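Trainee: attaching a predicted model along with its sequence, questions to come.
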Amino acid sequence: MTGGSKQPVRALVPISERTVSVGGIVAMVAGLGVIVTELRTGFMMERLDMMGRVVIFVCGGFFSVWGLKEIVSGLVPSLNQGRLKRHRFALPVEGQMFVLIMFVMFVGALVGRSNPLVLIFSLMAGPFVVNGWLTFMMLQKLDVSRSHPERVMAGDPLLIEVTLKNRKRYLPTWLVTVVDRVANSREVLHPKVQFSVVPARAEESGHYRIELNQRGPYHFGSILINTRFPLGLVERGVQIEGPGKVLVYPRILRMQRHWLSRLLSTSNVASSALPRGGAHDDDFRKLREYRPGDDPRAIHWATSARQSELMVREYQENRDADCVVLLDAWVPDQVTDDDSEQVEMAISLATSIWFDRLRQSGDSAPVFAANSEPRLVCGTDQSAHHTEPLLDELALLVPNPSADVATLLDVAATHATGNQSLVLVTPRPAAVQEAIALWSQQPGGERARIASQLLVIESNAATLDSMMF
């Protein structure tokens, strides 16, 4: 589940799905313009009596209503999610131009009483009507479903399977595009899958791949099935409800070796490559070639003699709960993009440190605490093989403007045993150092010793580059 990229999670400005339908504006202006022109001049009334006026009013009214519908749908996206929007009709640019030419031919035929223009209009209207009817038939008795994992790490590719089922008995479905909707509070994605043909009484599966970079829940919305088959003059769609959710974990990065040494140096236990007696013996891992800086006492002389090169014993540390990771999940009251980015970096750094220490621990997980609202504390009673509960909490963690540093320090005092590394990740190091100094001066316990052991890490791009691969 770990990722190799160290690209920080950047806050996004909330994306609005509002759009301005240029085609809708043109259609409404043209329709109203035709009606107003006829009312003011009586052009069609003089030439074709009442029948011509009725035709002009019907055509102008249709274009006006359709244009208004397109404008409102673009400006109020929430209307597209209701039941009234289950069936969708739209004219692509090609269709709009086609209809405009038809309209010009029709008006010219009425005004000039030209049979060739009537014939051209009829030849154009036939394919347009057939295209509309075929798109309607293509979308009948279609079912769509998606299959996706429930959890994913931020930045990892997510593969979604979409299945389209055609329940029609005889008619296949051609050239259908399935448009999904994946959104959180800061971004909206509209991935697409195209199906060339789905035979009658059969189903086809397709896939799309997305990358979710924002920590937290992403919700799947309604699925829109579109088709323009066969001429592309008319686009019809049907909207099918398909709720779902995927939880995006914080980005977990690999720590560099010198930072691991720095973390371990904050504890009172000296690192050693040799096995130690007691309850926390290091486990023998393997024999490997000697490297500069290795302890000479770890050399295995018998194997070195056989291999004609120095070989040393390598041990894997086996200490339970050798680290306490504290996360200062603070944001100011007026949050900017930079503030959001810093706190997301803090969450990612703290999670990465905890996850790295988890892999080095035995049967219990390191302590993790965050001063979010509500407060998050994960103690050593959690199994190292069950990380999902904490990662779920971190995915849903909400930064707290009133986050109290003393709360984290109290957690450290409760769980610190004298041989642990204490790490505090924060986006506000100056304020945290002042809070630690005040806390250490209060009576009771070993506050001064804990404060001296505490390693404060600022969450910024420079720290991310120096700590992580």
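Mentor: Good, I have the coordinates.

Trainee: which stretch of helix or strand covers residue 422?
Mentor: strand 421-426 (DSSP states H and E).

Trainee: how far off centre is that strand?
Mentor: Strand 421-426 sits 28 Å away from the centroid of its parent chain (CA atoms, centre = their mean, to the nearest Å).

Trainee: which SSE is immediately downstream of it?
Mentor: Strand 421-426 is succeeded, C-terminally, by helix 429-440 (DSSP H and E).

Trainee: the stretch 1-150 of the chain: strands as residue ranges?
Mentor: 87-90, 142-147 (DSSP state E, counting those that start in this stretch).

Trainee: swap in the stretch 151-300 of the chain?
Mentor: 151-153, 157-166, 173-179, 182-183, 188-189, 192-198, 202-211, 216-220, 223-227, 235-240, 244-249, 283-289.

Trainee: list the buried residues in the second one.
Mentor: In terms of neighbour count (16 or more other CB atoms under 10 Å), strand 157-166 has its buried residues at 158, 160, 162, 164-166. (Glycine included, C-beta is placed from N, CA and C.)

Trainee: again, but for stretch 108-127
Mentor: In stretch 108-127, counting by 16+ other CB under 10 Å, buried: 108-110, 117-118, 120-121, 124.

Trainee: what's the answer for stretch 234-253, then?
Mentor: Result for stretch 234-253 [16+ other CB under 10 Å]: buried residues 234-239, 242, 244, 246-253.

Trainee: next: stretch 127-144.
Mentor: 128, 131-132, 134-135, 138-139, 142, 144.

Trainee: just those residues: which are in helices?
Mentor: Counting by DSSP state H, the part of the buried residues of stretch 127-144 found in helices is 128, 131-132, 134-135, 138.

Trainee: partners of the strand holding residue 422 in the sheet?
Mentor: strand 323-327 (parallel), strand 454-458 (parallel) (DSSP bridges).

Trainee: Provide the contact partners of that strand at residue level.
Mentor: With contacts defined as CB atoms under 8 Å, 6 or more residues apart in numbering, strand 421-426 is touched by 263-264, 266-267, 322-328, 330, 346, 349-350, 353, 357, 405, 408, 412, 416, 432, 450, 453-459.

Trainee: follow-up on the earlier one: where among the strands of the stretch 151-300 of the chain is average confidence lowest?
Mentor: Per-segment mean pLDDT for those reaches its minimum on strand 283-289, at a mean of 72.

Trainee: list the buried ones in the strand holding residue 422?
Mentor: Neighbour-count burial for strand 421-426 [16+ other CB under 10 Å]: 421-426.

Trainee: that strand to helix 429-440, inter-axis angle?
Mentor: On the basis of axes from the mean of the first three to the mean of the last three CA atoms, to 10 degrees, strand 421-426 is oriented at 130 degrees to helix 429-440.

Trainee: same question for strand 421-426, mean pLDDT?
Mentor: On average, strand 421-426 scores 88.

Trainee: same question, stretch 32-51
Mentor: 77.

Trainee: go on, stretch 103-115?
Mentor: 78.

Trainee: run the chain-centre distance for that stretch.
Mentor: The answer for stretch 103-115 is 54 Å, by CA atoms, centre = their mean.

Trainee: send the alpha carbons of that stretch over as CSV?
Mentor: Taking Å, rounded to 0.1, in the frame of the first residue of the first chain, the C-alpha atoms of stretch 103-115 are listed here in CSV:
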residue,chain,number,x,y,z
PHE,A,103,-35.0,26.2,-40.4
VAL,A,104,-33.6,28.5,-43.1
MET,A,105,-34.7,26.1,-45.8
PHE,A,106,-38.2,25.9,-44.3
VAL,A,107,-38.7,29.7,-44.0
GLY,A,108,-37.3,30.2,-47.5
ALA,A,109,-39.8,27.6,-48.9
LEU,A,110,-42.7,29.3,-47.1
VAL,A,111,-41.7,32.8,-48.2
GLY,A,112,-40.7,32.0,-51.7
ARG,A,113,-43.2,29.2,-52.3
SER,A,114,-40.3,27.1,-53.7
ASN,A,115,-40.9,23.4,-54.2
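
Trainee: in TSV: the strands paired with strand 421-426, plus mean neighbour count, mean pLDDT and distance to residue 375.
Mentor: Formatted as TSV, these follow (neighbours: other CB atoms under 10 Å; pLDDT from 0 to 100; distance: least, CB to CB, whole Å):
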stretch	mean neighbour count	mean pLDDT	distance to residue 375
strand 323-327	27	87	11
strand 454-458	19	87	18
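
Trainee: mind putting those into TSV with distance to residue 71?
Mentor: Below are these laid out as TSV (distance: least, CB to CB, whole Å):
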stretch	distance to residue 71
strand 323-327	47
strand 454-458	49
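
Trainee: how many other residues sit next to the residue lying closest to residue 240 once chain neighbours are set aside?
Mentor: Nearest residue to residue 240 in three dimensions, chain neighbours excluded: residue 223, at 5.0 Å (CB to CB, 6 or more residues apart in numbering). Neighbour count of residue 223, defined by other CB atoms under 10 Å: 21.

Trainee: quick one: residue 223 from residue 132, how far?
Mentor: 22 Å (CB to CB, to the nearest Å).

Trainee: what of residue 429?
Mentor: Where residue 132 is concerned, residue 429 sits at a distance of 65 Å (CB to CB).

Trainee: quick one, helices of this structure?
Mentor: Taking DSSP H, the helices of the chain run over residues 22-41, 43-75, 93-112, 115-138, 257-265, 301-307, 337-360, 388-395, 405-415, 429-440, 447-453, 461-467.

Trainee: of these, flag the one that's most buried.
Mentor: Among those, helix 337-360 has the highest mean neighbour count (mean count of other CB atoms under 10 Å), at a mean of 22.

Trainee: elements contacting that helix?
Mentor: Under the contact criterion of 3 or more CB pairs under 8 Å, 6 or more residues apart in numbering; DSSP states H and E, helix 337-360 touches helix 257-265, strand 323-327, strand 367-370, helix 388-395, strand 421-426, helix 461-467.

Trainee: which secondary structure element of the chain has the lowest mean pLDDT?
Mentor: helix 257-265 (a mean of 62; mean pLDDT, DSSP states H and E).

Trainee: counting neighbours, what do you get for the nearest residue to residue 372 once chain neighbours are set aside?
Mentor: The shortest distance from residue 372 to any non-neighbouring residue, by CB to CB, 6+ apart, is to residue 329 (4.4 Å). Close neighbours of residue 329, defined as other CB under 10 Å, add up to 24.

Trainee: my guess is residue 329 contacts residue 374, does it?
Mentor: No. Judged on CB atoms under 8 Å, residue 329 makes no contact with residue 374 at a distance of 11.2 Å.
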